[in-house]
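Chemist: I'll drop the sequence and a predicted model, then ask my questions.
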Amino acid sequence: MSNGAQQSAAHPDIRTVDEIAEHLGVSVSLVVGACGVLGIDPSDGVQQSFVDPIRQVVLQWLREGRNL
């Protein structure tokens, strides 16, 4: 189990990029890219409060035709 997955299980307010990507229906690379734009380091998981800003970036990119 990866560190991020362990944290997610231990802390329900922490999500892995895999979980966020699955939830949004997009690739992990798109979520990682959105994290980078927002200045979030996703290596140890992402706080639940950041999921909506990530979703907003991903939606904007999809509107622009980006698909990493």
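Modeler: Looks like it arrived, so ask away.
Chemist: quick one: pLDDT of A9?
Modeler: Here, the pLDDT recorded for A9 equals 50.
Chemist: what of R55?
Modeler: 97.
Chemist: how about the one 3 residues further on?
Modeler: If you check V58, the pLDDT there is 96.
Chemist: would you mark the buried spots in the helix or strand harbouring it?
Modeler: With secondary structure defined by DSSP states H and E, V58 is part of helix 51-63. Applying a neighbour-count criterion of 16 or more other CB atoms under 10 Å, one finds 51, 54-55, 57-58, 61 buried in helix 51-63. Heads up, the C-betas are built off the backbone N, CA and C, glycines and all.
Chemist: kindly report the same for stretch 24-34.
Modeler: Across stretch 24-34, burial judged by 16+ other CB under 10 Å covers 24, 26, 28, 30-34.
Chemist: and it, average pLDDT?
Modeler: The predicted model assigns stretch 24-34 a mean pLDDT of 95.
Chemist: and the contacts of it?
Modeler: Residues from elsewhere that reach stretch 24-34 (CB atoms under 8 Å, 6 or more residues apart in numbering): 17-18, 20-21, 42, 54-55, 57-58, 61-62, 66-68.
Chemist: from the residues you listed, which one has the minimum pLDDT?
Modeler: For those, the pLDDT minimum is L68, 60.
Chemist: give the buried residues for stretch 43-53.
Modeler: Residues of stretch 43-53 classed as buried by neighbour count (16+ other CB under 10 Å): 45-46, 50-51.
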